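Visitor: Turn this into a structure:
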Amino acid sequence: MLNLILGWKKKVAVKYECVYFRVDIGDHIGLGHLSRCKSLASAFLKNGIQAIFLTRKHFRFSVEFFLPFKVVVIGGGIQSDLLPVNSLQWLGVSEEIDAQETIQYLSKNSILIVDHYSITSKWHSFVQPFVLKIIAIDDLINRELSVDFVIDHNPTGIEAKYRSININSRGIYLIGPQYAMLSPPLIDARRTYQLTQEANGKALIYLGSIPMALVDKMLGFVLNNAGEMRLKEVTVIGASEKICINLPRTNVKINLMKGHQDLIGLYAKHEYVFGSCGVAQLERMFLGIKSITTVVVDNQNDFGKILMMNKYSIHLGDLREGSFYQTAANNLKKLSADEPNWSPKIIAGKEMIASDGCDQIIKIIDENMG
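Guide: Got it, this is the predicted structure:
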């Protein structure tokens, strides 16, 4: 009776039947966006919720990247390997057009997760009436949002900054590596894979989905500095076939790979892994891998600084800069001096990242569906 007098209502959770992911891939967009979305989609599927991906067909697009999930191509995208400088232009069409094309495939009794630097509050406002909740996965904090949840699993996320750009005053913020979106195979690998503990002189270069010219640049740097690291063999994923013509003369064995079937297995066989400061670096930290990192897109700068400051990796600097070779060579020289103290730092980084981040995200979403 008292509850009726006070007008109190019990909060009733609304159950959703499907989760849509709006995410793109292409030469101008790293695979990390899709990787973290697929990890979260796997967790939803484990809970009996169907996951459907909505995407644009950009340059070098392939449906295979989205397997085993259903993917719907909502329209065309950027058909060039030239990187638009402004991430707000990465849709290839206006936000209004993209929103209209997205709405066609949505069902009302669903939630929508958006992982895209070009999508702002304007897009969210168009789409909001057609779903129960909108969730943004972000790490740039550079544009206005209008969403119910924000997820940023990087150590660089700051809740106060997200609150300042989200016009939804009731937004919920899941910030930090306790919400790391890691795939089930990766979580299993931490228990089962034995990383190489020996100084085997093998290095792997994997920079994700970036222009080949940058991959070639990193390979050239590694070979020029192979003596500093006592390297005997380098495997590189994504380099151009013509790179071997212009490589410096070396006794180091070079393996060129177009793709990979078992990235974790490759990690395990190499003493060092050269990679970017994106989602893949969180994964390498989770596994406890000796990483040598570089920045390949703007949103990785802050993470790179954290890696360098805490010595979770040997950080080389920004691969895109003209001064990269000199900066990276200077930082690499610190390797010999820092390596004896590197293991405790790697362990600290490994313990910082939660293995149940996806489950925690879904739990909080379910608790706030009223």
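Visitor: now for stretch 95-113, what's the gap between its first and last residues?
Guide: Across stretch 95-113, the terminal residues are separated by 16 Å (C-alpha to C-alpha, to the nearest Å).
Visitor: Now that stretch: buried residues?
Guide: 95, 98, 99, 101, 102, 106, 110, 111, 112, 113 (16 or more other C-beta atoms under 10 Å). Every C-beta, even on glycine, is put in place using the N, C-alpha and C of the backbone.
Visitor: pLDDT of it, averaged?
Guide: In this model, stretch 95-113 has a mean pLDDT of 96.
Visitor: Let me see the domain layout of the protein.
Guide: As assigned by automatic domain parsing, the chain contains the domains 12-181+355-367, 186-352.
Visitor: Go through those domains and find the least confident stretch.
Guide: domain 186-352 (a mean of 84).
Visitor: Distance from it to the middle of the chain?
Guide: Remark: domain 186-352 is offset 16 Å from the chain centroid, using C-alpha atoms, centre = their mean, to the nearest Å.
Visitor: how far away is residue 224 from residue 326?
Guide: Distance, residue 224 to residue 326, using C-beta to C-beta, to the nearest Å: 12 Å.
Visitor: So between these two, which is more surrounded?
Guide: Legend: neighbour count by other C-beta atoms under 10 Å for residue 224 and residue 326, higher for residue 224 (15 against 11).
Visitor: Which residue ranges of the chain form strands?
Guide: In the chain, the strands defined using DSSP state E lie at 18-23, 50-57, 70-76, 110-115, 133-137, 149-152, 172-175, 202-206, 233-237, 253-257, 272-276, 291-295, 314-318.
Visitor: Let's have those in TSV, adding distance to residue 219.
Guide: Converted to TSV, the strands of the chain look like this (distance: least, C-beta to C-beta, whole Å):
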stretch	distance to residue 219
strand 18-23	29
strand 50-57	29
strand 70-76	32
strand 110-115	29
strand 133-137	31
strand 149-152	31
strand 172-175	35
strand 202-206	6
strand 233-237	5
strand 253-257	8
strand 272-276	9
strand 291-295	12
strand 314-318	13
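Visitor: which one of these lies closest to residue 40?
Guide: strand 110-115 (6.9 Å; C-beta to C-beta).
Visitor: tell me the angle the closest one makes with strand 133-137.
Guide: 20 degrees (axes from the mean of the first three to the mean of the last three C-alpha atoms, to 10 degrees).
Visitor: Strand 110-115 pairs with which strands?
Guide: strand 18-23 (parallel), strand 133-137 (parallel) (DSSP bridges).
Visitor: contact partners of the last one?
Guide: Here strand 133-137 makes contact (C-beta atoms under 8 Å, 6 or more residues apart in numbering) with 16, 33, 36-37, 111-115, 119, 124, 127-128, 145-152, 181, 365, 369.
Visitor: and residue 37, what does it touch?
Guide: So residue 37 contacts 21, 23, 53, 113, 115, 137, 181 (C-beta under 8 Å, 6+ apart).
Visitor: looking at the sheet around the fifth one, what are its partners?
Guide: Right, the one you point to is residue 115. Assessed by DSSP bridges, residue 115 has beta-bridge partners residue 23.
Visitor: Please report how far it lies from residue 350.
Guide: Residue 115 is 25 Å from residue 350, where distance means C-beta to C-beta.
Visitor: same deal with the third one?
Guide: Taking C-beta to C-beta as the measure, residue 53 and residue 350 are separated by 30 Å.
Visitor: What's the local residue count around the closest residue to residue 140 other than its chain neighbours?
Guide: Leaving aside its sequence neighbours, residue 140 sits nearest to residue 299 (C-beta to C-beta, 6 or more residues apart in numbering; 4.9 Å). Residue 299 has 21 neighbours, counted by other C-beta under 10 Å.
Visitor: Tell me how far the helix ranked longest in the chain lies from the chain's centre.
Guide: Longest helix in the chain by number of residues (criterion: DSSP state H): helix 32-46. From the chain centre to the centre of helix 32-46 is a distance of 11 Å (C-alpha atoms, centre = their mean).
Visitor: what angle sits between it and strand 50-57?
Guide: Orientation check (the same axes, to 10 degrees): helix 32-46 against strand 50-57 gives 160 degrees.
Visitor: Helix 32-46 vs strand 272-276, what angle?
Guide: 100 degrees.
Visitor: Return the set of buried residues in helix 32-46.
Guide: 32-44.
Visitor: Pull it out as CSV, backbone CA atoms only.
Guide: C-alpha atoms of helix 32-46 as CSV (Å, rounded to 0.1, in the frame of the first residue of the first chain):
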residue,chain,number,x,y,z
GLY,A,32,40.6,-4.3,-33.8
HIS,A,33,37.1,-2.8,-34.1
LEU,A,34,35.7,-6.0,-35.6
SER,A,35,37.7,-8.1,-33.2
ARG,A,36,36.3,-6.7,-30.0
CYS,A,37,32.8,-6.7,-31.5
LYS,A,38,33.1,-10.4,-32.4
SER,A,39,34.3,-11.2,-28.9
LEU,A,40,31.3,-9.5,-27.4
ALA,A,41,29.0,-11.1,-30.0
SER,A,42,30.3,-14.5,-28.9
ALA,A,43,29.4,-13.8,-25.3
PHE,A,44,25.9,-12.7,-26.3
LEU,A,45,25.5,-15.9,-28.3
LYS,A,46,26.6,-18.0,-25.3
